[in-house]
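Asks: Structure for this input, please:
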Amino acid sequence: APGGRFRLHHRIGIPFAIVAIAATASTAYVALRVTERELQSRMEAQALNAAGLVARSDFALNLAILTSVKAIAGADVITFAADGGLLASTLGAQDSGRIVAQIRAAIAPAAGDGEPAVVFIDCGGRCYAAYGAVHAQPDVTVAVVARTDALAEAGAAVTQTILVAALAGLAGMVLVSQFVARRVTAPLDALVAFTHD
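Replies: So this is what the prediction gives:
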């Protein structure tokens, strides 16, 4: 009888636990992907808005304004001419020159319509650059360059939170399934014991 109780109890509990694990894992995966995409799109939108704002004004050449934009957007701002000449930057000249070259290489094949756009570049790590032509001077481009380190850190924090919640939920579901299985099998165990008697 004890062996039968063990088998019956687990026949009920194990499938429930498998379904709970699959459901929790798939939900956590979807939540992580959606959160990651949402964080990235928000950061890109913030950089695009900053680039569009600076490009629509005479602020593109004003280093004090660009420094303020950097503080607000959390991203560096670079203004450069069509030939790649650096006009203003919140970065050092060497870093700015390297980044300008990458942005020019990334946007050269595309026929831009003048509206701000985003390209991914290597700035000593993964970065994205939102760029746009300055309205008053179409041969001048302003770029807002943001590192994805903050995005990765935010993603890691969200991932940890989702995984902890998923594991806690999974543990709760397994405990409930064990409790329910024991409650369901108890009358059957009593009936088996009575039959044996």
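Asks: Make sure Ala55 is actually in contact with Ala136.
Replies: No - applying Cβ atoms under 8 Å as the test, Ala55 and Ala136 come out as separate, 9.2 Å apart. The C-beta positions use only the backbone N, C-alpha and C, and glycine is treated the same way.
Asks: So if I had to pick from the two, which one is more boxed in?
Replies: Between Ala55 and Ala136, Ala55 has the larger neighbour count (other Cβ atoms under 10 Å), namely 26 against 12.
Asks: Can you give the strand pairings for whichever strand or helix holds Asp139, parallel or anti for each?
Replies: Secondary structure from DSSP states H and E places Asp139 in strand 137-147. Looking at strand 137-147 with DSSP bridges, its partner strands are strand 76-81 (antiparallel), strand 126-134 (antiparallel).
Asks: where does this structure have low pLDDT?
Replies: Across the chain, the ranges flagged by pLDDT under 70 are 1-10, 12, 108-114, 150-152.
Asks: Spatially nearest residue to the residue positioned nearest the centre of the chain, not counting backbone neighbours?
Replies: Centroid-nearest residue in the chain: Glu36, 2.3 Å away (criterion: Cα atoms, centre = their mean). Of all residues not flanking Glu36 in the chain, Gly155 sits nearest, at 5.3 Å (Cβ to Cβ, 6 or more residues apart in numbering).
Asks: what number of residues lie near that neighbour?
Replies: Gly155 has 16 neighbours, counted by other Cβ under 10 Å.
Asks: ok, back up a step: next structured bit after the strand holding Asp139?
Replies: Sequence-wise, the next helix or strand downstream of strand 137-147 (DSSP H and E) is helix 149-196.
Asks: Determine the set of other helices and strands touching that next one.
Replies: With contacts defined as 3 or more Cβ pairs under 8 Å, 6 or more residues apart in numbering; DSSP states H and E, helix 149-196 has these neighbours: helix 2-55.
Asks: tilt between the helix it packs on and strand 76-81?
Replies: If you take axes from the mean of the first three to the mean of the last three Cα atoms, to 10 degrees, helix 2-55 sits at 40 degrees to strand 76-81.
Asks: Report the distance from helix 2-55 to the chain centre.
Replies: With Cα atoms, centre = their mean, to the nearest Å as the basis, helix 2-55 stands 13 Å off its chain's centre.
Asks: Stretch 50-65 too?
Replies: With Cα atoms, centre = their mean as the basis, stretch 50-65 stands 28 Å off its chain's centre.
Asks: got a list of contacts for that stretch?
Replies: Stretch 50-65 is contacted from outside by 66, 69, 72-73, 75, 77, 79, 87-90, 115-116, 130-137, 140, 142-144, using Cβ atoms under 8 Å, 6 or more residues apart in numbering.
Asks: Give me the buried subset of those residues.
Replies: 66, 69, 73, 75, 77, 79, 87-90, 116, 130-134, 137, 140, 142-144 (16 or more other Cβ atoms under 10 Å).
Asks: Cys123 contacts Ala101, correct?
Replies: No - Cys123 lies out of contact with Ala101 (Cβ under 8 Å); the separation is 11.4 Å.
Asks: ok, these two, which is more surrounded?
Replies: Cys123 (19 against 13).
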